[in-house]
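> fold the following and give me the result.
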Amino acid sequence: MVEIRESIRPTDRSNLAESPGIAGGLPGLINNLLGTQTRLGTLTTDIVALGSAANPAFDSGDAGGAIGSAADVLGNTISYYDGDTAINQFFVDLAAGIVNPGVIWLAGTGAANDLDTSEGDALTSNAAAINTFVSSGGGLMSHGSGDTAYGWLSALLPGIIRESGCESSGATLTAAGNAAFPGLTDANVDGNAGPCHSHFEGDFGGLTTLAIDADGFSYIIGGGADTVIQCGRDGQPPCETPEPEVYHLLGIGLLGMVLGLRRRFPSIKVMP
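Numbering: from 1, shown residues only. The predicted structure is shown next:
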């Protein structure tokens with residue numbers, strides 16, 4: 001399946017858009033998200049990139065270049081929304097049915113042409129819309145660190161805690177992680193794949209632990225078919241726990257998040 005962690009720069013084309021060592025890099029992630037999304041109606045675009053402008057040169061270390069390169073490799077269509085005003089308008093148009101993407105990709109932090117504070121704030125103010133998009137069958141990929149990248153997740157799950165500290169040597173997939181990532185073994189998430197730096201604690205809402213580090217900390221969390229991220233609190237729907245075999249492409253790490261909603265997950269296409 002896929003592993004996303006802080007040791008790999010998700011906006012570095014040389015690492016993600018071309019590396020077969022992480023399930024085909026960014027093209028592999030997007031390919032599987034599109035293959036598992038179940039949005040109703042005709043898609044107006046395959047991918048929506050929030051927080052980046054297009055970079056036709058596909059420059060390394062450029063967020064827009066990374067997702068643009070992935071879309072080019074896969075032959076997918078992509079629309080860019082750069083700036084907080086554009087991001088807010090996207091969610092207005094999404095609610096109105098004017099746009100209907102299969103995957104939302106968030107530009108993350110730590111590179112050029114990525115999320116700034118105002119764009120992170122726009123995502124946070126639209127956290128409920130992100131939750132609705134995912135629960136309606138859309139795919140989501142997010143990466144980065146801090147409130148700029150994950151303020152929207154904290155808005156949905158106020159009890160979730162992002163803590164520093166992670167030991168990848170000896171890390172293992174959980175039973176749910178094995179079901180979610182059928183193409184991976186522990187070697188794909190432990191020290192052989194590089195270091196990890198952070199983990200999750202607290203209230204995961206409708207999500208569960210997919211991989212733990214050597215100290216038993218949750219550093220990849222996720223959910224199953226029809227996952228509702230925000231659940232279990234007053235005024236929210238109850239959190240459901242599907243059987244392990246229905247867990248699939250929904251992995252969250254402090255550097256990355258991938259969501260896709262379908263009961264069966266196809267094999268990964270490893271890109272050259």
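
> can you pull out the strands in the stretch 101-250 of the chain?
Along the stretch 101-250 of the chain, the segments classed as strands by DSSP state E, counting those that start in this stretch run 101-106, 139-142, 160-164, 172-173, 198-202, 208-212, 218-224, 247-253.

> go through the ones you listed and name the closest to residue 36.
For residue 36, the closest of the strands of the stretch 101-250 of the chain is strand 247-253, at 5.3 Å, according to Cβ to Cβ. Any C-beta I mention is one placed from the backbone N, CA and C, and that applies to glycine too.

> returning to what we had before: least confident of the strands of the stretch 101-250 of the chain, on average?
Comparing mean pLDDT over those, the weakest stretch is strand 247-253, at a mean of 41.

> quick check: end-to-end length of stretch 36-52?
Taking Cα to Cα, to the nearest Å as the measure, stretch 36-52 stretches 24 Å from start to finish.

> for stretch 105-121, buried residues please.
Neighbour-count burial for stretch 105-121, with 16 or more other Cβ atoms under 10 Å as criterion, is recorded at 105-111, 113-115, 119-121.

> same question, stretch 199-218
199-200, 204-213, 217-218.

> likewise for stretch 146-159?
For stretch 146-159, the neighbour count (16+ other Cβ under 10 Å) marks 147-157 as buried.

> and for stretch 126-146?
Across stretch 126-146, burial judged by 16+ other Cβ under 10 Å covers 126-127, 129-135, 137-145.

> on that earlier part again, can you put the buried residues of stretch 105-121 in JSON lines and add distance to residue 191?
Compiled in JSON lines, those are given as follows (distance: Cβ to Cβ, whole Å):
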{"residue": "105", "distance to residue 191": "28"}
{"residue": "106", "distance to residue 191": "28"}
{"residue": "107", "distance to residue 191": "28"}
{"residue": "108", "distance to residue 191": "23"}
{"residue": "109", "distance to residue 191": "24"}
{"residue": "110", "distance to residue 191": "22"}
{"residue": "111", "distance to residue 191": "24"}
{"residue": "113", "distance to residue 191": "31"}
{"residue": "114", "distance to residue 191": "27"}
{"residue": "115", "distance to residue 191": "29"}
{"residue": "119", "distance to residue 191": "34"}
{"residue": "120", "distance to residue 191": "31"}
{"residue": "121", "distance to residue 191": "36"}
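
> least trustworthy helix or strand in this protein by mean pLDDT?
The element with the least model confidence among the helices and strands of the chain, by mean pLDDT, DSSP states H and E, is strand 256-259, at a mean of 37.

> if we can go back for a sec, ok, so of the buried residues of stretch 199-218, who is nearest residue 167?
Each of those was scored against residue 167 by Cβ to Cβ, and residue 213 proved nearest at 4.9 Å.

> distance to residue 85 added to the strands of the stretch 101-250 of the chain, as TSV?
Listed next are the strands of the stretch 101-250 of the chain as TSV, based on distance: least, Cβ to Cβ, whole Å:
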stretch	distance to residue 85
strand 101-106	17
strand 139-142	20
strand 160-164	28
strand 172-173	41
strand 198-202	31
strand 208-212	35
strand 218-224	31
strand 247-253	28
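
> residues touching residue 94, list them.
Contact analysis of residue 94 by Cβ atoms under 8 Å, 6 or more residues apart in numbering lists 100-101, 129, 133.

> sorry, back to before: what's the farthest-apart pair in the buried residues of stretch 199-218?
For the buried residues of stretch 199-218, the maximum inter-member distance is 22.2 Å, found between 206 and 213 (Cβ to Cβ).

> ok, back up a step: what about the contacts of residue 94, which are in helices?
In this view, the contacts of residue 94 that belong to helices under DSSP state H are 129, 133.

> okay, who's weakest in the contacts of residue 94 by pLDDT?
residue 133 (87).

> with adjacent residues omitted, what lies nearest to that residue?
Sequence neighbours aside, residue 104 is the residue nearest to residue 133 in space, at 6.3 Å (criterion: Cβ to Cβ, 6 or more residues apart in numbering).

> distance of residue 172 from residue 166?
Going from residue 172 to residue 166 by Cβ to Cβ, to the nearest Å gives 13 Å.

> looking at those two, which is more packed in?
Relative neighbour count places residue 166 above the other of residue 172 and residue 166, with 24 against 15, counting by other Cβ atoms under 10 Å.
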